[in-house]
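Trainee: Please find the sequence and the predicted model below.
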Amino acid sequence: MEIIERKENTLLGRVEITFTLNHSNAPTPSLSKMIEMAMKLEPGSKKDLIYIKNVNTRFGMARTNGLVLIYESEEYANLEPDYIKLRHEIPEESSSEVSEGGDE
């Protein structure tokens, strides 16, 4: 992951990073992998306070552009819309329940 622009937005309590990611011979990385890469860009950042937006992969090119928002605290992170928060929720590992056949 290569940083194109890094901007500190003190009013909103976040760091905004515009990035380019080259992924030759591989599919576009998942959201969780991009969050892990963003954690390496900003040491000390928390996984729960990182949001990836505006991800764009051009057809036929192994290059992805996007925007990472890294918040200072949960209070500032609450500024993100609910639908963005739902996208970034870590899925809970549910136990595999085998459903028994019902009475017919």
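Mentor: Here it is on my side, so go on.
Trainee: so who does the residue positioned nearest the centre of the chain touch?
Mentor: Residue closest to the average C-alpha location in the chain (CA atoms, centre = their mean): residue 52, at 3.7 Å. Applying CB atoms under 8 Å, 6 or more residues apart in numbering to residue 52 gives the contacts 31, 34-35, 38, 66-69, 88. For the C-beta atoms, the positions are set from N, CA and C on the backbone; glycine is no exception.
Trainee: Top of those by number of neighbours, please.
Mentor: residue 68 (27 neighbours; other CB atoms under 10 Å).
Trainee: Just the pLDDT for it.
Mentor: What the model reports as pLDDT for residue 68 is 92.
Trainee: ok, what's across the strand from it?
Mentor: In this entry, residue 68 is beta-bridged to residue 17, residue 52, by DSSP bridges.
Trainee: roughly how far apart are it and residue 25?
Mentor: Between residue 68 and residue 25 the distance is 24 Å, computed by CB to CB, to the nearest Å.
Trainee: which helices and strands does the helix ranked longest in the chain pack with?
Mentor: Ranked by residue count under DSSP state H, the longest helix found in the chain is helix 31-41. For helix 31-41, the packing partners by 3 or more CB pairs under 8 Å, 6 or more residues apart in numbering; DSSP states H and E come out as strand 14-22, strand 50-57, strand 63-71.
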